[in-house]
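K.L.:
here is a sequence with its predicted model. Questions after.
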Amino acid sequence: MSGSAAGADPLIEFRHVTRRFGKGEKAVTAVDDVSLHVDRGEVYGVIGFSGAGKSTLIRMINGLEKPTSGSVHVLGEEISALSEGRLSKVRSRIGMVFQQFNLFHSRTVAGNVGYPLKVARWKKADRQARVFELLEFVGLADKADQHPEELSGGQKQRVGIARALAAKPDILLADESTSALDPSTTAEVLALLRRANEELGITIVAITHEMEVIRAIADRVAVMDRGRIVESGHVYDIFSNPRDGEEASFVGAALKDRPSPEDVLRIRQHTSGRLVTVSLKDSVAVGSVLGQAGQHGVGFEIVHGGMNTTKDAAYGLLTLALTGESDAVEQFVGALSAAGAVQEVVA
Ligand SMILES: Nc1ncnc2c1ncn2[C@@H]1O[C@H](COP(=O)(O)OP(=O)(O)OP(=O)(O)O)[C@@H](O)[C@H]1O
């Protein structure tokens, strides 16, 4: 799902939101003039290093934190201006998944999943039916009567997700939901979040410091740094577009899809060819141009890069060392540019 044309159906909207903590010299601006919108049915990822302001941002979506200035609109309400009573009504339509699972150890798996329904005063029979349905959905129907300590980390998080989905919320907030898990369990939990989005139509906001999470589930991403959004857009566009200029993209740098200055030094030790990086958005077209290198009188060596996948499509960057007469190489770079965006590698 990616119905995310600007303003299509925003469930969440931040308008020039700033959140400061403390006063005077010790004041910290955790969120600094952030504007963004999340549309119904999309998975919106927020990525950044520790301290970037992600938790503060997500806590403003369910009203646990209020902006110092600006406004936050959720499900048609200005959540930042609501009284506690009205706030709890909006909150009941928002589920939350935590890094440390936050399960009740004294309750069974079924008891944990059914807890929000008990709070919402669902009838016992309805509650039992809903819990059963949810445990089936997350693949833990056989664990209903066990306690959390009998489960693996991935299973605990699946219980956390079932509990967050229990009251049929419109929005699921995932706060570093896979950070405590190993890579294969992470993949399993991300696949479940993706199913929740695709099969139940739930809108997800996921904050993370892991690029893998964004790549696996997000439609759009905002990169946060020191409270500000420094880059945002569709995941595929951001991951697949090589950026110009001195400011290397945070995403590109984290993916290591371009050679670092150290890599370039190493590459230079064995080739004097012209180094270019080509985008593999259309890998067939690029492959066909590379197949004609000999006819251009050009030799090439792949010195860095490869393919990766996002939720929408595969993408990649290849760095090539091109050898041959400079006119021939120039002409060949022209042919490559027609197949994929080309950038010179300078170091
Ligand atoms: N209640 C608070 N009081 C004072 N400072 C705070 C408070 N909450 C957050 N901050 C500060 O705001 C900044 C952003 O913190 P925040 O937790 O939102 O970042 P984060 O990106 O979620 O990082 P992490 O992944 O480490 O939680 C940090 O400098 C943090 O110390």
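P.N.:
On my side now, so go ahead. Numbers count the residues shown, from 1 in each chain.

K.L.:
quick check: residues of the stretch 1-150 of the chain near the ligand?
P.N.:
21, 22, 28, 30, 48, 50, 51, 52, 53, 54, 55, 56 (Cβ under 6 Å from any ligand atom). The way it works is simple: take the backbone N, C-alpha and C, and place the C-beta from them, glycine included.

K.L.:
so which of those residues sit within helices?
P.N.:
With helices taken from DSSP state H, the overlap with those comprises 54, 55, 56.

K.L.:
save these as a markdown table, and put in neighbour count, pLDDT and distance to residue 190 too.
P.N.:
Rendered in a markdown table, the data for these read as follows (neighbours: other Cβ atoms under 10 Å; pLDDT from 0 to 100; distance: Cβ to Cβ, whole Å):
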| residue | neighbour count | pLDDT | distance to residue 190 |
| --- | --- | --- | --- |
| 54 | 24 | 94 | 17 |
| 55 | 19 | 94 | 20 |
| 56 | 24 | 96 | 24 |
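
K.L.:
give me the buried subset of the residues of the stretch 1-150 of the chain next to the ligand.
P.N.:
Burial by neighbour count, 16 or more other Cβ atoms under 10 Å: within these this picks out 30, 48, 52, 53, 54, 55, 56.

K.L.:
show the contacting residues for the nearest residue to the last one once chain neighbours are set aside.
P.N.:
Spelled out, it's residue 56. Leaving aside its sequence neighbours, residue 56 sits nearest to residue 30 (Cβ to Cβ, 6 or more residues apart in numbering; 4.1 Å). If you count contacts by Cβ atoms under 8 Å, 6 or more residues apart in numbering, residue 30 has them with 19, 20, 21, 53, 56, 227.

K.L.:
which residue ranges form the strands in this protein?
P.N.:
Counting by DSSP state E, residue ranges of the strands within the chain are 10-21, 28-39, 43-47, 69-74, 77-78, 94-98, 171-175, 203-208, 220-225, 228-234, 274-279, 299-309, 314-323, 342-344.

K.L.:
and the last one, how far from the chain's centre?
P.N.:
Taking the mean of its C-alpha atoms, strand 342-344 sits 27 Å from the chain's own mean (Cα atoms, centre = their mean, to the nearest Å).

K.L.:
average pLDDT across it?
P.N.:
The predicted model gives strand 342-344 an average pLDDT of 89.

K.L.:
same check, this time on the fourth one
P.N.:
In this model, strand 69-74 has an average pLDDT of 96.

K.L.:
got it, and the first one?
P.N.:
Per-residue pLDDT values over strand 10-21 give a mean of 96.

K.L.:
what does it contact?
P.N.:
Defining contact as Cβ under 8 Å, 6+ apart, one finds that strand 10-21 is touched by 27-40, 44, 53, 56-57, 60-61, 65-75, 80, 170-171, 203, 205, 227.

K.L.:
for this structure, longest helix please?
P.N.:
For the chain, the longest helix by residue count, based on DSSP H, is helix 183-200.

K.L.:
quick one on the thing from earlier: so which of the strands of the chain gets nearest residue 268?
P.N.:
Comparison of the strands of the chain against residue 268 by Cβ to Cβ identifies strand 274-279 as nearest, at 8.3 Å.

K.L.:
state the mean pLDDT of the closest one.
P.N.:
Strand 274-279 carries an average pLDDT of 91.

K.L.:
check which strands are paired with it and give the direction for each one.
P.N.:
When sheet partners are counted by DSSP bridges, strand 274-279 sits next to strand 314-323 (antiparallel), strand 342-344 (antiparallel).

K.L.:
quick one, which of those strands is nearest to the ligand?
P.N.:
Closest to the ligand of these is strand 314-323 (Cβ to the nearest ligand atom; 26.2 Å).

K.L.:
what angle separates that closest one from strand 299-309?
P.N.:
170 degrees (axes from the mean of the first three to the mean of the last three Cα atoms, to 10 degrees).

K.L.:
got the contact list for strand 314-323?
P.N.:
Under the criterion Cβ under 8 Å, 6+ apart, residues 236, 239-240, 242, 257-259, 267, 271-281, 283, 286, 290, 298-309, 329, 332-333, 345 lie in contact with strand 314-323.

K.L.:
buried stuff in it?
P.N.:
When burial is assessed from 16+ other Cβ under 10 Å, strand 314-323 yields the following buried residues: 315, 316, 317, 318, 319, 320, 321, 322, 323.
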